[in-house]
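K.L.:
quick one, structure for this:
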Amino acid sequence: MKKMMTLLLLALSVFIISFVSSPKHASADTTDILQAPKPINEIFPDEGVAQLVARETGKSTTSEVSQADLDGITKLNDTIQSSRTVPMIYSLEGVEYLHNLRELAIPNHSVSDISALEGLAELRIVDIRYSNVSDLSPLSKSKEITHLDAIGNNISDISVFSSFSKINQVVLGENNISDISVLKDFPADQFVYIYLDNNKIKDISPLSGKAFHQLTLNDNEISDVSPLSTMTLYSDYAFTDNFYIDISNNHISDISPLKNTGFSKLNYFYAENQSVTSPSKTFSNDLTLENSVKNIEGKAITPEIISNNGSYSGSMLNWQLPNFVANVDYSFSETNQIGQTTGVFSGKVSQPLVDGFTVTFDNEGSISTESYKSDVIISEPTEPTKEGFTFEGWYDASTGGKKWDFATDKMPANDITLYAQFTETKTEPANPVFPVESEESTDLGDSEDSANPSVTEDTSKLEIAEKATKNKTTQASEKAPEKIATSELPKTGDSSPYLILLGLVLVGASVFAWKKKQA
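P.N.:
Numbering: from 1, shown residues only. Take a look at the predicted model:
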């Protein structure tokens with residue numbers, strides 16, 4: 001029996017020492033839990049949210065509810081009528097207790113912070129249309145979301161979509177979105193509805209190859225629609241009509257990429273009111289431009305109206321302008337057949353004009369141009385840089401020539417080219433500096449090594465270097481602070497030393513008992 005007790009004491013000692021010596025791991029965050037029943041309007045201080053919760057529980061806003069009651073709520077829905085049914089909602093505080101919430105539909109309220117939704121893993125549908133939300137990142141843990149309707153907010157970043165592997169409806173119109181690259185990696189048939197109208201989108205290439213039922217890209221900054229040429233209509237049998245595309249109110253001048261698309265069942269096509277601005281050109285009394293507007297067949301669309309009495313012939317526009325004008329333009333409109341429908345492609349092309357001549361700045365092949373009237377001072381461009389060289393100035397020849405004085409020289413009545421010229425920067429090696437020896441050491445060296453000057457010089461340099469190294473080492477050791485192994489010192493309230501001591505005592509007692517028995 002005594003032997004058994006001894007072994008138990010020894011095992012317990014080893015366990016205690018091993019336990020206190022092992023690394024500690026922080027526990028995972030726990031879900032928000034309501035510890036005791038409380039009135040609804042205390043858990044949810046926003047009156048609008050409190051009323052929605054009360055509606056789902058069948059109680060008044062002053063009634064108490066438990067966590068079990070809240071776990072039974074799967075939706076908060078204020079879309080049962082065409083207008084709000086509860087007071088304006090400003091805060092979602094308390095919604096974090098709704099662990100099984102699957103649907104949150106609170107459009108036309110004034111919510112700006114949705115951090116209370118963070119961690120609600122059961123969310124499927126989120127409708128926050130026409131609110132004040134700018135940050136969607138709290139939804140990153142809601143992996144089950146299939147529908148997000150956030151039209152009319154202040155959203156610019158949609159990178160959170162990378163967390164929504166099941167989403168099939170992208171409803172993000174009327175925001176500040178310019179980058180949709182996050183949509184690129186989704187499967188081709190992921191989305192049914194893609195509503196991205198009224199944003200700041202220029203590049204729609206992330207939509208290449210995607211299928212859709214309805215696609216709205218109107219009122220953006222799109223000029224190139226070629227990515228649409230690889231898109232297709234959603235093939236699910238449930239969607240047999242109402243296929244449409246809206247690309248109106250952009251900067252599109254050519255819709256020919258849509259000719260060979262798989263849009264045979266398309267029902268609606270909108271491409272009106274394009275606003276196209278061409279790069280500026282120098283004014284000329286006899287101005288000729290090529291028509292840049294192409295229909296779905298790739299043919300130039302005959303202009304409807306040409307400003308300033310311009311004329312049109314063979315895809316070329318011409319203006320006879322007796323005096324300078326800052327802009328000429330022409331409008332167009334044509335009905336195009338696409339799929340099962342027809343749509344109007346219309347808009348206006350503006351051509352800005354500058355009254356002057358062109359100065360070309362040539363920085364060793366890197367070209368930039370500016371237009372100026374004659375007899376005016378030219379603005380000096382940003383000074384170019386070149387590694388290992390010093391910029392000398394702008395000259396009227398690539399080598400030699402006259403340096404342009406931007407303070408006094410004026411634009412001539414013709415086009416000119418100014419060239420950047422550089423000279424190579426020469427770096428002189430730094431002269432080594434040796435410590436000055438005392439007169440005593442100098443005299444001693446002269447007397448001892450005068451017979452061999454070269455040996456004296458080399459030995460002197462070696463001794464100086466050794467002294468300098470020794471001085472640096474001494475100074476470093478004097479300045480180096482004493483390091484204290486604070487990680488090994490016990491912290492206030494740390495019970496580990498006491499447990500270790502207890503373990504050692506138990507080990508000692510075990511050994512003592514064993515020896516006594518042997519005796």
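
K.L.:
could you use CA atoms for every contact and neighbour count after this?
P.N.:
Noted.

K.L.:
most centrally placed residue in the protein?
P.N.:
Asp157 (6.7 Å; Cα atoms, centre = their mean).

K.L.:
surely that one is in contact with Asp135?
P.N.:
Yes - counting by Cα atoms under 8 Å, Asp157 does reach Asp135; the two are 7.4 Å apart.

K.L.:
confidence score at the residue nearest to the residue nearest to the centre of the chain when sequence neighbours are not counted?
P.N.:
Nearest residue to Asp157, sequence neighbours excluded (Cα to Cα, 6 or more residues apart in numbering): Ile177, at 6.6 Å. Note on Ile177: pLDDT of 99.

K.L.:
in this structure, where's the longest strand?
P.N.:
The residue-count maximum for a strand in the chain (DSSP state E) belongs to strand 341-354.

K.L.:
okay, now the sheet partners of that strand, with direction.
P.N.:
With DSSP bridges as the test, strand 341-354 is paired with strand 268-277 (parallel), strand 281-282 (parallel), strand 327-338 (antiparallel).

K.L.:
next SSE downstream of it?
P.N.:
The helix or strand immediately downstream of strand 341-354 is strand 357-363, counting by DSSP states H and E.

K.L.:
what about stretch 71-88, average pLDDT?
P.N.:
Average pLDDT, stretch 71-88: 93.

K.L.:
what lies in contact with it?
P.N.:
For stretch 71-88, the external contacting residues (Cα atoms under 8 Å, 6 or more residues apart in numbering) are 47-49, 51-53, 56-57, 97-110.

K.L.:
now it: buried residues?
P.N.:
73-78, 84, 88 (16 or more other Cα atoms under 10 Å).

K.L.:
which ones among those residues map onto strands?
P.N.:
Secondary structure defined by DSSP E assigns 75-77 of these to strands.

K.L.:
mind jotting down where the strands sit in the stretch 301-450 of the chain?
P.N.:
For the stretch 301-450 of the chain, the strands defined by DSSP state E, counting those that start in this stretch occupy 305-306, 311-313, 316-320, 327-338, 341-354, 357-363, 366-372, 389-395, 416-424.

K.L.:
what separates the fifth one from the chain centre, distance-wise?
P.N.:
Think strand 341-354. From the chain centre to the centre of strand 341-354 is a distance of 32 Å (Cα atoms, centre = their mean, to the nearest Å).

K.L.:
hang on, the earlier thing: helix/strand/coil for the residue nearest to Asp157?
P.N.:
coil (DSSP: H, G, I helix; E, B strand; the rest coil).

K.L.:
hang on, it packs against Ile155?
P.N.:
Yes - at 6.4 Å, Ile177 and Ile155 qualify as touching, with contact defined as Cα under 8 Å.

K.L.:
hmm, back to that, distance of the residue nearest to Asp157 relative to Val171?
P.N.:
Using Cα to Cα, to the nearest Å, we find Ile177 at a distance of 12 Å from Val171.

K.L.:
so what's Ser379 up against?
P.N.:
By Cα under 8 Å, 6+ apart, the residues touching Ser379 are Phe406.

K.L.:
please redo it, this time with the cut-off set to 10 Å
P.N.:
Contacts for Ser379 were tallied using Cα atoms under 10 Å, 6 or more residues apart in numbering; they are 370, 372, 406-407.

K.L.:
can you check Asp286 too?
P.N.:
When contacts are counted by Cα under 10 Å, 6+ apart, Asp286 touches 318-322.

K.L.:
what is the nearest of those to Gly365?
P.N.:
Proximity of the contacts of Asp286 to Gly365 (Cα to Cα) peaks at Asn318, which lies at 33.1 Å.

K.L.:
that closest one: neighbour count?
P.N.:
17 (other Cα atoms under 10 Å).

K.L.:
nearest residue to it in space, please, no chain neighbours.
P.N.:
In this structure, Asn318 finds its nearest non-sequential neighbour in Thr288, 4.4 Å apart by Cα to Cα, 6+ apart.

K.L.:
helix/strand/coil for the one you found?
P.N.:
Once three-state DSSP is applied, Thr288 turns out strand.

K.L.:
hmm, it is touching Asp329, no?
P.N.:
No - contact between Thr288 and Asp329 fails when scored by Cα atoms under 10 Å: they sit 12.0 Å apart.

K.L.:
of those two, who's got more company?
P.N.:
Comparing Thr288 with Asp329 by other Cα under 10 Å, the one with more neighbours is Asp329, at 19 against 15.

K.L.:
which one is that one nearest to, not counting chain neighbours?
P.N.:
Closest residue to Asp329 apart from its sequence neighbours, by Cα to Cα, 6+ apart: Ser350 at 4.3 Å.

K.L.:
that neighbour: what's it in contact with?
P.N.:
275-280, 307, 327-331.

K.L.:
so where's this protein shaky on pLDDT?
P.N.:
Where the chain drops to pLDDT under 70, the residues are 1-31, 237, 239, 428-519.

K.L.:
apply 50 and report the result again.
P.N.:
For the chain, the stretches with pLDDT under 50 are 1-2, 8, 10, 14-30, 439-495.

K.L.:
all helices for it, in order.
P.N.:
2-21, 40-43, 47-57, 67-71, 439-449, 453-479, 496-518 (DSSP state H).

K.L.:
keeping just the C-alphas, turn the shortest one into CSV.
P.N.:
Coordinates of the C-alpha atoms in helix 40-43 are reproduced here as CSV (Å, rounded to 0.1, in the frame of the first residue of the first chain):
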residue,chain,number,x,y,z
ILE,A,40,-37.0,43.8,-25.4
ASN,A,41,-36.5,47.6,-25.4
GLU,A,42,-33.4,47.2,-23.1
ILE,A,43,-31.7,44.6,-25.3
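
K.L.:
about what we covered before: turn the contacts of Asp286 into TSV, including distance to Ala150.
P.N.:
Output for those, formatted as TSV (distance: Cα to Cα, whole Å):
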residue	distance to Ala150
Asn318	47
Trp319	48
Gln320	51
Leu321	50
Pro322	53
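
K.L.:
most neighbours, which of those?
P.N.:
Busiest of the contacts of Asp286 [other Cα under 10 Å] is Trp319, holding 19 neighbours.

K.L.:
quick revisit: so how far is Ile306 from the residue nearest to Asp329?
P.N.:
Ser350 is 10 Å from Ile306, where distance means Cα to Cα.

K.L.:
common neighbours of those two, please.
P.N.:
In contact with both Ser350 and Ile306: 328-331, using Cα under 10 Å, 6+ apart.

K.L.:
from the residues you listed, which single one is nearest Lys143?
P.N.:
Among those, Ser331 lies closest to Lys143 (Cα to Cα), at 48.2 Å.

K.L.:
based on its surroundings, how many neighbours for that closest one?
P.N.:
21.

K.L.:
pull the contacting residues for the nearest residue to Ser162 once chain neighbours are set aside.
P.N.:
The shortest distance from Ser162 to any non-neighbouring residue, by Cα to Cα, 6+ apart, is to Val182 (6.4 Å). Counting by Cα under 10 Å, 6+ apart, Val182 touches 157-162, 206-207.

K.L.:
buried subset of the residues you listed as a PyMOL selection?
P.N.:
In PyMOL, this line selects whichever of the contacts of Val182 come out buried by 16+ other Cα under 10 Å:
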select buried, resi 157+158+161+206+207
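
K.L.:
want to throw the contacts of Val182 into CSV with distance to Asp224?
P.N.:
Listed next are the contacts of Val182 as CSV, based on distance: Cα to Cα, whole Å:
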residue, distance to Asp224
Asp157, 22
Ile158, 22
Ser159, 23
Val160, 26
Phe161, 24
Ser162, 25
Pro206, 13
Leu207, 12
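
K.L.:
which of the contacts of Val182 sits closest to Lys299?
P.N.:
Leu207 (25.8 Å).

K.L.:
before we move on, back to that, are any of the contacts of Ser379 buried, and which?
P.N.:
With burial judged by 16+ other Cα under 10 Å, the buried subset of the contacts of Ser379 is Tyr372.
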